[in-house]
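J.: Requesting a structural model of the entry that follows:
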Amino acid sequence: MKRLLSILSVAAGLLLGAALPQAAHAQAIQTKTVGGVTCSQYSAYNSYPKTFWDCINPANPTAGEYASTGWAYTLPTAFQTIVQADQLYLFSSSATYLKFFPNATVPDVGAMGATTTNVAAAFAKTSTGLDVSSYYGGTLVEQLGHFVDVSQGTPSTNLAVFTTALAYDIQYMNSLPANTVWPNDYQKYPGLTNFAILGKIYGNPNYDIWDFQFAFVNGGGIPDNLRGALTYMPNTKGVMSNVFANAKGTPRVPATANAGVLCVQNTGYSTWPTTFWDCVHPFNATASEQALTAGAYSLPAAFKTLLNTANIQLYIFELATEYNDFEGKNIPVTGVLGVSDSTLKVSAAFTATDVGGVLQDTTSYFQGTIAHELGHQLDIIWNRPSDNNAAWKAAIAKDVTAFNALPCATAIDSSGSSYCTKYAGNSNWTIFTTKLFASDAATQNEELWAYSFQFTSQNQTVSVLQSIERQLTNENAYMTTVFQNGHP
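T.: Numbering: from 1, shown residues only. Model (predicted):
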């Protein structure tokens with residue numbers, strides 16, 4: 001099937017006006033013999049690759065050997081310009097390649113090809129005996145990908161966006177069952193991780209992953225089991241897609257990595273928020289992560305205009321610790337669902353929070369969390385009415401009195417919790433603001449503002465908070481007028 005695809009790619013080149021290689025009775029341009037290995041050069045296309053060298057059947061190349069140049073021909077022009085000095089070679093094995101190029105090396109046991117100075121080579125068999133003769137075209141593109149890598153300062157090992165993406169991919173790939181990633185090969189490698197199996201069959205250093213994804217993103221010509229495995233490496237594939245979109249050999253923005261955290265900008269809505277940054281599954285956002293923006297999109301248009309003008313960016317991190325690492329901050333890491341920073345112009349939600357050393361999933365509260373954080377941003381944009389607005393402060397005072405007058409079971413435990421017993425002896429308000437949703441006196445009004453903003457936006461949150469918020473009628477009446485008027 002792969003050979004047919006390679007031949008079809010050559011035919012597609014003909015439709016584009018390229019010179020189709022002739023498999024029958026072709027005349028070699030030149031022939032060389034080195035180390036007992038004979039290679040003949042044949043014409044390919046009118047543009048790169050104009051020729052290739054056949055060292056398998058030098059006197060009479062097969063149709064598949066002629067078709068080997070097809071995938072290289074499909075490379076973007078910018079990449080063809082980078083590799084235009086590089087010659088394409090076909091060898092029966094790495095052993096014959098090393099005889100013809102005695103100063104070259106083949107670093108990987110399972111290598112399907114190799115490079116040396118201005119030479120990209122594909123092998124019919126790996127040194128482990130694996131027949132890869134159906135994948136000459138993809139193998140040659142892999143090797144050309146290596147030249148692109150080197151031409152850009154080796155981003156496969158020196159660019160944080162790629163190396164961090166690879167770290168994400170290794171973790172993700174290894175978290176999956178072996179029979180999912182390697183359905184036809186896993187039993188041959190008991191006890192090995194999925195990434196280690198990749199190394200055994202084809203190689204897995206950084207430059208190999210770069211080369212594999214380069215060929216994969218270019219369109220194909222690689223073994224089915226390798227193709228299948230690469231689908232479980234979405235982040236390096238995403239970076240490589242970014243490289244192809246840029247067509248200069250390095251990723252285009254927006255993708256950034258810092259302190260081992262990779263963040264990629266994903267598409268949101270047609271109006272603000274048009275994007276969000278995913279730092280958990282950067283290039284393969286989950287449904288809940290994609291839904292994050294709904295909590296912002298549902299806000300009144302006047303609010304969204306202000307947030308858009310302020311250039312507030314939405315982020316998803318796994319934990320507060322990843323936010324701290326990425327942004328160089330030091331926010332608390334226990335019991336925190338999200339954060340906002342008006343200076344960074346960032347509002348973030350976390351997929352989990354640390355509660356007493358146990359991680360609790362918080363993805364079901366994403367929309368509510370981001371609404372809460374955007375309430376903080378608008379509070380700052382409006383010059384902190386949470387602290388300065390008399391009507392808001394009066395609403396809080398009324399709610400404190402009314403809330404404390406209720407039986408604790410009604411005020412706190414109506415959602416089925418048991419906090420009244422746990423925090424017996426404290427007022428309802430103290431249990432709410434200090435024990436359950438801790439905030440110091442200096443920021444308490446700001447947090448109450450954000451809770452009421454979140455509740456009024458009708459976004460979900462933890463059940464006990466939702467239950468309490470229903471009872472804070474004065475604050476919510478005030479916030480309802482803010483939503484109706486578009487400002488405090």
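
J.: what about the strands in the stretch 201-350 of the chain?
T.: For the stretch 201-350 of the chain, the strands defined by DSSP state E, counting those that start in this stretch cover 255-258, 261-267, 275-278, 313-317, 338-341, 346-350.

J.: An error on my part: the question was meant for the stretch 1-150 of the chain.
T.: So, for the stretch 1-150 of the chain - with DSSP E, counting those that start in this stretch - the strands run 30-34, 37-43, 51-54, 87-91, 113-116, 119-123.

J.: and the second one, what other elements does it pack with?
T.: Read that as strand 37-43. Here strand 37-43 touches strand 30-34, strand 51-54, helix 94-100, going by 3 or more C-beta pairs under 8 Å, 6 or more residues apart in numbering; DSSP states H and E. Every residue, glycine included, has its C-beta placed from N, CA and C.

J.: of all the ones you listed, which lies closest to N308?
T.: strand 51-54 (53.2 Å; C-beta to C-beta).

J.: Which strands border that closest one, and is each parallel or antiparallel?
T.: strand 37-43 (antiparallel), strand 87-91 (parallel) (DSSP bridges).

J.: Using CSV, write down the CA coordinates of the first one.
T.: Spelled out, that is strand 37-43. Extracted in CSV, the C-alpha atoms of strand 37-43 (Å, rounded to 0.1, in the frame of the first residue of the first chain):
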residue,chain,number,x,y,z
VAL,A,37,29.3,-0.9,-4.0
THR,A,38,28.1,0.6,-7.3
CYS,A,39,25.7,3.5,-7.5
SER,A,40,24.1,5.1,-10.6
GLN,A,41,22.5,8.5,-10.8
TYR,A,42,19.2,9.0,-12.5
SER,A,43,16.9,11.9,-13.4
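
J.: For it, which outside residues touch it?
T.: With contact meaning C-beta atoms under 8 Å, 6 or more residues apart in numbering, strand 37-43 is reached by 19, 21, 26, 28-33, 50-55, 58-59, 61, 66, 89, 91, 96, 99-100.

J.: What of stretch 158-166?
T.: 153, 155-157, 206, 209-210, 233, 235-236, 238-239, 250-251, 255-258, 260-262, 282-283.

J.: Centre of the chain to that stretch, how far?
T.: Centre-to-centre, stretch 158-166 and its host chain are 11 Å apart (C-alpha atoms, centre = their mean, to the nearest Å).

J.: With just CA atoms, put that stretch into CSV.
T.: Presented in CSV, the C-alpha positions along stretch 158-166 are these (Å, rounded to 0.1, in the frame of the first residue of the first chain):
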residue,chain,number,x,y,z
ASN,A,158,18.2,23.1,21.5
LEU,A,159,14.7,24.6,21.3
ALA,A,160,12.6,24.5,24.5
VAL,A,161,9.3,24.3,22.6
PHE,A,162,10.3,21.1,20.9
THR,A,163,12.2,19.5,23.9
THR,A,164,9.3,20.3,26.3
ALA,A,165,6.8,19.0,23.7
LEU,A,166,8.8,15.7,23.6
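
J.: quick check: domain ranges of the chain?
T.: 2-151, 155-250, 256-381, 387-485 (automatic domain parsing).

J.: want to throw the ones you listed into a markdown table with mean pLDDT?
T.: Formatted as a markdown table, those follow (pLDDT from 0 to 100):
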| stretch | mean pLDDT |
| --- | --- |
| domain 2-151 | 86 |
| domain 155-250 | 95 |
| domain 256-381 | 94 |
| domain 387-485 | 92 |
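
J.: Burial check on W210, number of neighbours?
T.: By other C-beta atoms under 10 Å, the residues close to W210 number 25.

J.: That one contacts V150, doesn't it?
T.: No. The pair W210 / V150 is not scored as a contact, 10.2 Å apart, by C-beta atoms under 8 Å.

J.: Just name the most buried of the strands paired with strand 51-54.
T.: Most buried of those by mean neighbour count (mean count of other C-beta atoms under 10 Å) is strand 87-91; its value is a mean of 25.

J.: How about A78: what's its closest non-neighbour residue?
T.: Leaving aside its chain neighbours, A78 sits nearest to A247 (4.1 Å; criterion: C-beta to C-beta, 6 or more residues apart in numbering).

J.: and what of S417?
T.: V464 (5.1 Å).

J.: For Y168, find the nearest of the strands of the stretch 201-350 of the chain.
T.: In terms of C-beta to C-beta, the element of those nearest to Y168 is strand 261-267, at 5.8 Å.

J.: and the angle for that closest one with strand 313-317?
T.: Relative orientation of strand 261-267 versus strand 313-317 (axes from the mean of the first three to the mean of the last three C-alpha atoms, to 10 degrees): 130 degrees.
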